[in-house]
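Asker: quick one: sequence and predicted model below, then my questions.
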Amino acid sequence: MYDFMVFGYYASAIAATFFPADTPFASLMLTMMTFGAGFLMRPLGALVLGAYIDRCGRRAGLVLTLGLITFGTLTIACAPGYATLGLLAPALVLAGRLLQGFSAGVELGGVSVYLAEVAPAGRKGLYISWQSASQQLAVIFAALLGMALNRYVGEDMMSRWGWRIPFIVGCMILPCLFWIRRMLEESEAFQKRRPVPRTREIFRSVARSWPLIGLGVCMVAATTVSFYMITAFTPTYGKAVLHFSAGESFIVTLGVGLSNLFWLPRMGTLSDKIGRRPLLLTFTSLMLLTAYPVLYWLAAAPSMPRLIAAELWLSFLYAGYNAAMVVTLTEIMPPAVRATGFSIAYSLAAAVFGGFNPAIASVLIHESGDNALPGAWLSLAALLGLMAALRLPTSYREGAVDTAYASPAMKTLRQK
């Protein structure tokens, strides 16, 4: 996920290299739209690669997604700038971003489903929370690398060519990840599935599961908006809106990553003990009520202590909700289309709400003049999450990864 997210951290430098425009805002918006374009490919990746994982196995799918995102990241890192290639330069960056999005569309679903199927009974919340917690290592590493580069390379050189370094560094760990994923054993739950459904059957099952996938989209909305707001948008918000230095913004991003890493496993464990619903309801309510007031308090008198406090509070809300939401999403999806259904729900929400979150937040601030208005956008996403949590079917049994929707379509699917 480091490879996918680092694009947002260096949006300003990428804008100057590939998207020169009449105003800095227009240049930045073109870059943010390219950042969001990667999310538009995620639903397609979820459908195509999700069906591959449900048919060929969790391990094989995880190896394939890693190869695809490697190629996309190298394309962005090595593409010459606009001054060299003209319009071909942003086209190459867009192509690399689309390939990243195609891969990422099923990455989270594939990992989450694998962890759900190998986790011991009563510990699924803890196991699956490490999928999200591991992403925080990407946030932390990117922040530390950004701080080091800004100190030793300098902001001027970072804007010219130094922004490519984080992309190249991210690719250096990929051979190790390929080795790890090739060594994974297939989950027992998948091995016991006989016969394995064909791709056409998986697509038909997904089509019958749209009410459930729609519920999942609303659940994911709150987590994807909050995550990208406190991570990918923070450096841009701190520099362009609150006028902090790049180093100060990366310090805040580092704090957010550490906070998320601390809270996610603890909240996953708590969901195993007290259930998923209490966490879903509590944290969406808190997010709905406090997101705008917290950002208004920050924008009224910007300072590093206030920025850190606001981001850590939003981090706490994100972690508390996300730890319960991801495991819930694996539990309500029917086994035959678990990876596909999870990935489509997650990627659709990411495409609609998360991917364009930096662009939406930038437009809201630019058009209204209210630096706290992104908090209202987060509150709207929290409202969708709260409504989805209230709509969870009564047949949903927490902790049972094979629980399916209690609808005629799902009963027919289980019988088949």
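Answerer: Now that the structure is in, tell me what you want to look at. Predicted, not measured: the structure shown is a model, and the values here were computed from it. Numbering: from 1, shown residues only.
Asker: quick one: Glu331 from Asp272, how far?
Answerer: Here the criterion is C-beta to C-beta, to the nearest Å. By it, Glu331 lies 12 Å from Asp272. For glycine as for every other residue, the C-beta is placed from the backbone atoms N, C-alpha and C.
Asker: ok, Tyr296 - how many residues close by?
Answerer: 16 (other C-beta atoms under 10 Å).
Asker: nope, Ala91 is what I meant
Answerer: 13.
Asker: which residues sit in contact with it?
Answerer: Ala91 makes no contacts at all, as judged by C-beta atoms under 8 Å, 6 or more residues apart in numbering.
Asker: report the central residue of the chain.
Answerer: Thr224 (5.7 Å; C-alpha atoms, centre = their mean).
Asker: what helix or strand does that residue sit in?
Answerer: Element membership for Thr224 (DSSP states H and E) is helix 210-230.
Asker: give me the helices and strands touching that helix, please.
Answerer: helix 276-300, helix 304-332, helix 338-349, helix 357-368, helix 374-390 (3 or more C-beta pairs under 8 Å, 6 or more residues apart in numbering; DSSP states H and E).
Asker: for the stretch 1-150 of the chain, which segments are assigned as helices?
Answerer: 2-9, 11-18, 24-40, 42-56, 58-78, 82-85, 88-118, 124-152 (DSSP state H, counting those that start in this stretch).
Asker: redo the ones you listed as CSV? Include mean pLDDT and distance to Ser285.
Answerer: Formatted as CSV, these follow (pLDDT from 0 to 100; distance: least, C-beta to C-beta, whole Å):
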stretch, mean pLDDT, distance to Ser285
helix 2-9, 72, 28
helix 11-18, 78, 32
helix 24-40, 75, 27
helix 42-56, 83, 28
helix 58-78, 85, 35
helix 82-85, 84, 46
helix 88-118, 85, 25
helix 124-152, 84, 20
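Asker: and of the ones you listed, who's closest to Ser362?
Answerer: helix 24-40 (6.2 Å; C-beta to C-beta).
Asker: and the nearest residue to Asp3 once chain neighbours are set aside, how many neighbours?
Answerer: Nearest residue to Asp3, sequence neighbours excluded (C-beta to C-beta, 6 or more residues apart in numbering): Thr73, at 4.3 Å. A count of neighbours around Thr73, defined by other C-beta under 10 Å, yields 25.
Asker: and what of the one 4 residues further on?
Answerer: For Ala77, the tally of surrounding residues (other C-beta under 10 Å) stands at 19.
Asker: wait, doesn't it sit right on Cys171?
Answerer: Yes. Taking C-beta atoms under 8 Å as the definition, Ala77 is a contact partner of Cys171 at 7.0 Å.
Asker: thinking again about what came up before, which of the helices of the stretch 1-150 of the chain sits closest to Thr340?
Answerer: helix 42-56 (3.3 Å).
Asker: residues of that closest one that come out buried?
Answerer: 42-55 (16 or more other C-beta atoms under 10 Å).
Asker: check those residues against Glu367 and report the nearest one.
Answerer: Of these, the one sitting nearest to Glu367 (C-beta to C-beta) turns out to be Arg42, at 27.0 Å.
Asker: wait, that closest one touches Gln100, no?
Answerer: No. Applying C-beta under 8 Å, one finds Arg42 not in contact with Gln100, separated by 9.4 Å.
Asker: what number of residues lie near the nearest residue to Met33 once chain neighbours are set aside?
Answerer: Closest residue to Met33 apart from its sequence neighbours, by C-beta to C-beta, 6+ apart: Ala359 at 5.8 Å. When neighbours are counted by other C-beta under 10 Å, Ala359 registers 20.
Asker: gap between Ala359 and Arg59?
Answerer: In terms of C-beta to C-beta, Ala359 sits 36 Å off from Arg59.
Asker: now Gly375
Answerer: Taking C-beta to C-beta, one finds Gly375 at 41 Å from Arg59.
Asker: next one: Met32
Answerer: Taken as C-beta to C-beta, the span from Met32 to Arg59 is 35 Å.
Asker: show me which of the two is the more surrounded one.
Answerer: Just comparing Met32 and Arg59: by other C-beta under 10 Å the higher neighbour count belongs to Met32, 28 against 19.
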